[in-house]
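[1] quick check, what structure comes out for this input:
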Amino acid sequence: MTATRNPGSALYAPESAPLADTSAPYDLPPPAVHGCWYPSADPGGRHVAFICDRAGVPQLWTGPVDGPEVRRLDGDPHPVTEVSWSPDGRWIAYTTAPGGGELTRVLCVRPDGTDRHLLAGGESGTSARLGCWQHDGSAIAVTVTESAPPGHEDRYHAEAPGPP
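    Below is the predicted model of the structure:
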């Protein structure tokens, strides 16, 4: 590699450094890799709800903070995007994106996986997002937006007047 050593120059490049060979045969299957994110702890801090894609799509899971026993709470094929455990520990609210699209809906489920139900965003053309829980866990704020019909401008959008 040839480059000038003057950092202020347009041709400056760092010194090349050899790296270890990481090539592998293409006929080997990839290692089983998954990610987990968006943790939300229960009020006692002993359990956590989180999003994990270990089954191939981001789904809602829960488990103890100090152990490997995890449990999937929602096995729907719709990706989970947000999670929020209620302050009283009775509910876990979460957002899903049906079909992986941009429209979302908010659901709730008990920490044991029972009583799953839709809170908002189930209507065609609507999208719902999680807000904050009331301090006692009795309610959660949800923002619901409605998409403009195709070919129609948003009723809140106004064109700026042109020059006189």
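
[2] got the contact list for stretch 135-144?
    With contact meaning C-beta atoms under 8 Å, 6 or more residues apart in numbering, stretch 135-144 is reached by 84, 86-91, 93, 106, 108, 119-121, 126-134. Placement of C-beta: from N, CA and C, glycine included.

[3] among those, name the buried ones.
    Among these, those classed as buried by 16 or more other C-beta atoms under 10 Å are 84, 86-87, 89, 91, 93, 106, 108, 119-121, 127-130, 133.

[4] show me which of those residues is closest to Val65.
    Comparing the buried ones among the contacts of stretch 135-144 against Val65 with C-beta to C-beta places Gly89 closest, at 13.9 Å.

[5] quick one: that closest one and Ala41 touch, right?
    No: counting by C-beta atoms under 8 Å, no contact exists between Gly89 and Ala41, whose distance comes to 9.9 Å.

[6] where does pLDDT dip in this protein?
    Within the chain, the ranges that satisfy pLDDT under 70 run 1-32, 148-164.
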